[in-house]
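J.: Kindly return the folded structure for what I paste below:
(one chain, ligands or ions: 1)
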Amino acid sequence: EKGGFDHFMLKEIYEQPRSIKDCMRGRIYPEEGKVQLGGIKEFAEKLKNIDRIIIVACGTSWHAGLVGEYLIEEYARIPVEVEYASEFRYRNPIITEKDVVIAISQSGETADTMAAIEMAKERGATIFGICNVAGASIPRLTHAGVYTHAGPEIGVASTKAFTAQVTVLTLMAFYMAQQKGTITTSKLIELLTELDHIPEKIQVALASNDLIKEVAEKIKDSTNCLFLGRGSGFPVALEGALKLKEISYIHAEGYPAAEMKHGPIALIDEEMPVVFIATQNSSYEKVISNIQEVKARKGKVIAIVTQGDTEVKKMADYCIEIPDANEAFLPLLATIPLQLLSYHIAVMRGCNVDQPRNLAKSVTVE
Ligand code: F6R
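T.: Take a look at the predicted model:
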């Protein structure tokens, strides 16, 4: 049932080229530059005039929401707020009939996310769901939604469900942009053509597994680890840190790279591994100066870089390459090596990767 893999988590990491393909099937038409999302199509007109989107979720799904914020604001130019469901439900938020709330949940059973949906619904908002488990409670509570189609996720630490959520949010961002006219058809053709090939690029990212294992060996005995990124690399850093702490029990924190000098930099010494999302995109030069700041304090730098990079390689202790891609698709690719890194570290530390202590696959109590 683990398909020859030692753990469900590893099997699910390797399933991602396929799960992302399944998630896009019948939804993207690259030659026409068109996105179709049957699940939300009855709201196509409404999407032209919404003032704001609020994304509610917990944990890894909340990280997917942060990626969604970048994409929706960039392409559809709709303001987005991303909230922890548990905070949102208890703070008397301002919600109107003009708001669209997107609830993201792998299991579709998370208690706080359900309560947030119910509250927003009472106040008149339109609720979309992004769920993996068909027929779960959340899809039944929402007005409309888009399934991630990642297939059953058994490992408690979310991997393929996360990248499928990010894929759906990417499709939603493009769909909204298409409805609102904030994107040209030629731009959509270009983006969708590239998105269509992301599964193959994920396959390439997975091929660094042996190298990632070597890096894991070097940092497995650390007690702390920092993950830093900018732009959409920031939620990737948060997700990398969450994966590491939940399965290896190493204390890890994700930060926007520029925030490092406002506090966390005090932690850096030769014992501190710092994982950077340092791919060649709009924040590349800025991230390089953040890497220099860490090296100047003798921190150990592990960098996720674009294939063929030479600049970061001069500074970092270890570089893990991912294929070049439009910035919009960076989270889908940069997440892969971080999943593998956490997995190998946890295995080397003798942890129960599929069922980490104190965690449950669906959190049905608040
Ligand atoms: C982390 C993880 C959790 C879940 C969170 C929300 O790997 O799996 O953080 O993401 O409990 O669960 P869902 O998405 O089922 O609502």
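J.: Surely residue 279 and residue 322 touch.
T.: Yes. Counting by Cβ atoms under 8 Å, residue 279 sits close enough to residue 322 to count as a contact (6.7 Å). In short, each C-beta sits where N, CA and C put it, glycine included.
J.: who has more neighbours, these two?
T.: Neighbour count, other Cβ atoms under 10 Å: between residue 279 and residue 322, residue 279 has more, with 27 against 24.
J.: I'd like the distance between that one and the ligand.
T.: When distances are taken as Cβ to the nearest ligand atom, to the nearest Å, residue 279 and the ligand turn out to be 23 Å apart.
J.: now swap in residue 198 and tell me
T.: 21 Å.
J.: tally of neighbours for that residue?
T.: Using other Cβ under 10 Å: residue 198 sits among 24 other residues.
J.: do the one 10 residues further on as well
T.: Counted with other Cβ under 10 Å, the burial measure for residue 208 works out to 19 neighbours.
J.: Tell me who's in contact with it.
T.: Residues in contact with residue 208 (Cβ atoms under 8 Å, 6 or more residues apart in numbering) are 320-322, 337, 340.
J.: do the same with residue 118
T.: Under the criterion of Cβ under 8 Å, 6+ apart, the contact list for residue 118 reads residue 141.
J.: The longest helix belonging to the chain packs against which elements?
T.: When the chain is parsed with DSSP state H, its longest helix is helix 160-180. For helix 160-180, the packing partners by 3 or more Cβ pairs under 8 Å, 6 or more residues apart in numbering; DSSP states H and E come out as helix 16-24, strand 34-35, helix 59-76, strand 99-105, strand 126-131, strand 144-147, helix 185-196, helix 330-348.
J.: want to throw the ones you listed into JSON lines with mean pLDDT?
T.: Supplementary listing: the helices and strands packed on helix 160-180 in JSON lines, determined by pLDDT from 0 to 100:
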{"stretch": "helix 16-24", "mean pLDDT": "98"}
{"stretch": "strand 34-35", "mean pLDDT": "98"}
{"stretch": "helix 59-76", "mean pLDDT": "98"}
{"stretch": "strand 99-105", "mean pLDDT": "97"}
{"stretch": "strand 126-131", "mean pLDDT": "98"}
{"stretch": "strand 144-147", "mean pLDDT": "98"}
{"stretch": "helix 185-196", "mean pLDDT": "98"}
{"stretch": "helix 330-348", "mean pLDDT": "98"}
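J.: For the ligand, find the nearest of those.
T.: Closest approach to the ligand among the helices and strands packed on helix 160-180 (Cβ to the nearest ligand atom): helix 59-76, 2.0 Å.
J.: list the buried ones in stretch 146-161?
T.: Within stretch 146-161, the residues that qualify as buried by neighbour count (16 or more other Cβ atoms under 10 Å) are 146-151, 153, 155-161.
J.: residues contacting residue 224?
T.: Here residue 224 is in contact with 250-253, 267, 271-272 (criterion: Cβ under 8 Å, 6+ apart).
J.: Recalculate using a threshold of 6 Å.
T.: residue 251 (Cβ atoms under 6 Å, 6 or more residues apart in numbering).
J.: Write out the residues of the protein neighbouring the ligand.
T.: Residues of the chain that fall close to the ligand, judged by Cβ under 6 Å from any ligand atom: 58-61, 105-107, 110, 113, 157-158, 242, 246, 362-363.
J.: Farthest-apart pair in the contacts of residue 208, please.
T.: 321 and 340 (13.0 Å; Cβ to Cβ).
J.: More neighbours: which of the two?
T.: Legend: neighbour count by other Cβ under 10 Å for residue 321 and residue 340, higher for residue 340 (27 against 20).
J.: nearest residue to the more buried one other than its sequence neighbours?
T.: With Cβ to Cβ, 6 or more residues apart in numbering as the measure, residue 212 is the residue that lies nearest to residue 340, at 4.6 Å, once sequence neighbours are left out.
J.: tell me the secondary structure for that neighbour?
T.: State at residue 212, reduced to three classes by DSSP: H, G, I helix; E, B strand; the rest coil: helix.
J.: show me what contacts it?
T.: Residue 212 makes contact with 337, 340-341, according to Cβ under 6 Å, 6+ apart.
J.: ditto for residue 115
T.: Contacts of residue 115 by Cβ under 6 Å, 6+ apart are residue 89.
J.: So it belongs to a helix, correct?
T.: Yes. According to three-state DSSP, the state of residue 115 is that of a helix.
J.: Just the pLDDT at it, thanks.
T.: pLDDT recorded at residue 115 is 96.
J.: gap between it and the ligand?
T.: Residue 115 sits 12 Å away from the ligand, taking Cβ to the nearest ligand atom as the criterion.
J.: Same question for residue 168.
T.: Separation of residue 168 from the ligand (Cβ to the nearest ligand atom) stands at 13 Å.
J.: next one: residue 199
T.: The gap separating residue 199 from the ligand is 22 Å, by Cβ to the nearest ligand atom.
J.: what about whichever strand or helix holds that residue, average pLDDT?
T.: Counting by DSSP states H and E, the element that carries residue 199 is helix 198-206. If you average the pLDDT over helix 198-206, you get 98.
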